[in-house]
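Peer 1: Below: sequence and its predicted model.
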Amino acid sequence: MKPREQEEKITIEEGELVFYTREPPIAGRANASLLNFLSRKLRIPRSKIEIVHGKRDRSKTVRIYDARIEDIVKRIEEAVA
């Protein structure tokens, strides 16, 4: 995650997904921005997405519930393109 950037986007850098957000890493604002972004791009409710590791780090592990992996991969590919 890269906070305080000019635009909100997701890219692939060195084989990892990197999320750029305008929000600062204060009071969970950058994390909330990530969850909202994923919810929009994956077209699933925010309540089905959670950060399970790294809430205070730049590197995070996200769990997505009740979604097909094929759909997630396709929509992430669309978001990166």
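Peer 2: The structure has been received and is ready for your questions. Residues are numbered from 1 along each chain as shown.
Peer 1: tell me the strands in the chain, going along the chain?
Peer 2: Secondary structure of the chain (DSSP state E): strands at 9-13, 16-20, 49-53, 61-64.
Peer 1: Please name every helix or strand in contact with the third one.
Peer 2: Translated: strand 49-53. The contact analysis (3 or more Cβ pairs under 8 Å, 6 or more residues apart in numbering; DSSP states H and E) places strand 49-53 against helix 29-42, strand 61-64. C-beta: built from backbone N, CA, C; applies to glycine.
Peer 1: residues of the first one that come out buried?
Peer 2: What it means is helix 29-42. 30-31, 33-35, 37-39, 42 (16 or more other Cβ atoms under 10 Å).
Peer 1: Need the residues that contact it.
Peer 2: For helix 29-42, contacts defined as Cβ atoms under 8 Å, 6 or more residues apart in numbering pick out 1, 3, 8, 10, 19, 21-24, 45-46, 48-51, 55, 60, 62, 64, 67, 71-72, 75-76, 78-79.
Peer 1: Check these for burial and list the buried ones.
Peer 2: For the contacts of helix 29-42, a burial check counting by 16+ other Cβ under 10 Å picks out 1, 3, 10, 19, 21, 23, 49, 51, 60, 62, 64, 75-76, 79.
Peer 1: Determine which two of the residues you listed are furthest apart.
Peer 2: The span of the buried ones among the contacts of helix 29-42, defined through Cβ to Cβ, is set by 3 and 75 at 23.1 Å.
Peer 1: who's residue 16 bridged to?
Peer 2: Beta-bridge partners recorded for residue 16 (DSSP bridges): residue 13.
Peer 1: what about residue 52, distance to residue 62?
Peer 2: 7 Å (Cβ to Cβ, to the nearest Å).
Peer 1: And residue 43, by the same measure?
Peer 2: With Cβ to Cβ as the criterion, residue 43 and residue 62 are 16 Å apart.
Peer 1: Equivalent analysis for residue 31, please.
Peer 2: For residue 31, the distance to residue 62 - Cβ to Cβ - is 10 Å.
Peer 1: next one: residue 2
Peer 2: From residue 2 to residue 62 the distance is 16 Å (Cβ to Cβ).
Peer 1: which one is residue 2 nearest to, not counting chain neighbours?
Peer 2: Excluding its sequence neighbours, the residue lying closest to residue 2 (Cβ to Cβ, 6 or more residues apart in numbering) is residue 20, at 4.9 Å.
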